[in-house]
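A.B. asks: Pasting the sequence and the predicted coordinates here, then a few questions.
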Amino acid sequence: MGSDSDPETLSSARDGWKRSTTALERVHQTIEQTTSPKTAGDIADKALVSEPTARKHLNSLVEVGTATAIEDGTGTKYTRNEDTLLYQRLRELSTDHSREALIENVQTMKQRIRDFEETYDAVSPEELATSLESNPSTGAWEAVSEWQTTERNLHIAQAAINYSRARDLGAATQD
């Protein structure tokens with residue numbers, strides 16, 4: 001039995017993924033994990049499909065708004081559509097969590113941000129980052145990153161609350 005990084009184990013996992021999914025599903029899963037623009041060839045390699053197949057499915061995903069095509073002078077590159085992912089995340093949060101739970105999480109994140117402000121005597125993670133010396137204390141850069149993540153998650157949770165409320169109001173006006 002091999003380890004997770006054993007080439008035989010990786011090959012077996014790739015074969016299983018290929019057998020259990022369609023080419024479109026693999027291209028879709030690959031583009032959703034793509035954070036920087038990639039060529040159709042790069043995505044084809046990761047999705048275990050030919051480049052023409054990847055390009056065909058990527059163009060379909062661009063048409064439905066899941067992916068974005070970027071012309072960069074050397075050709076077309078593709079990346080995930082951040083707006084679509086954000087919308088999916090808002091729907092997921094508003095469906096999977098009660099309004100009360102979301103509000104509680106918002107309050108917890110606001111307190112965490114206040115703690116950062118007090119601990120680092122800064123009003124934002126950007127201010128903290130620009131104030132760091134060439135030899136910052138242990139954990140200062142980690143605090144910048146955690147603070148930024150907390151702020152992003154706070155805004156997403158607040159948007160999920162608003163999305164849920166708007167959806168509920170929309171349903172109420174249709175009755």
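C.D. replies: Arrived safely. Residues are numbered from 1 along each chain as shown.

A.B. asks: any idea where the helices of the protein begin and end?
C.D. replies: With DSSP state H as the criterion, the chain has helices at 7-20, 23-32, 40-47, 51-64, 82-96, 99-120, 125-131, 140-174.

A.B. asks: Identify the residue nearest Thr76 in space, chain neighbours excluded?
C.D. replies: Ala69 (5.3 Å; Cβ to Cβ, 6 or more residues apart in numbering). To be clear about C-beta, it is placed using only N, CA and C from the backbone, and glycine gets the same treatment.

A.B. asks: same deal with Leu24?
C.D. replies: Ranked by Cβ to Cβ, 6+ apart and with sequence neighbours excluded, the top spatial neighbour of Leu24 is His57, at 5.0 Å.

A.B. asks: was I right about the one you found contacting His28?
C.D. replies: Yes - checked against Cβ atoms under 8 Å, the pair His57 and His28 is within contact range at 7.3 Å.

A.B. asks: who's more crowded, these two?
C.D. replies: Higher neighbour count among His57 and His28: His57, with 25 against 20, using other Cβ atoms under 10 Å.

A.B. asks: residues in contact with that one?
C.D. replies: 23-24, 27-28, 49 (Cβ atoms under 8 Å, 6 or more residues apart in numbering).

A.B. asks: Ile43 against Asn59, yeah?
C.D. replies: No - using Cβ under 8 Å, Ile43 is not in contact with Asn59, being 11.7 Å away.

A.B. asks: Neighbour count: the two, which is higher?
C.D. replies: Comparing Ile43 with Asn59 by other Cβ under 10 Å, the one with more neighbours is Ile43, at 24 against 14.

A.B. asks: Go ahead and confirm Tyr78 touches Glu71.
C.D. replies: No - using Cβ under 8 Å as the test, Tyr78 is too far from Glu71 to be in contact (10.9 Å).

A.B. asks: Of those two, give the one with the bigger neighbour count.
C.D. replies: Tyr78 (25 against 8).

A.B. asks: what pairs with that one across the strands?
C.D. replies: Counting by DSSP bridges, Tyr78 forms beta bridges with Lys38, Ala69.

A.B. asks: which ones are touching it?
C.D. replies: Counting by Cβ under 8 Å, 6+ apart, Tyr78 has contacts 31, 34, 37-40, 43, 58, 61-62, 67-70.

A.B. asks: can you check Met109 too?
C.D. replies: Counting by Cβ under 8 Å, 6+ apart, Met109 has contacts 150, 153-154, 157.

A.B. asks: which of those residues are buried?
C.D. replies: 150, 154, 157 (16 or more other Cβ atoms under 10 Å).
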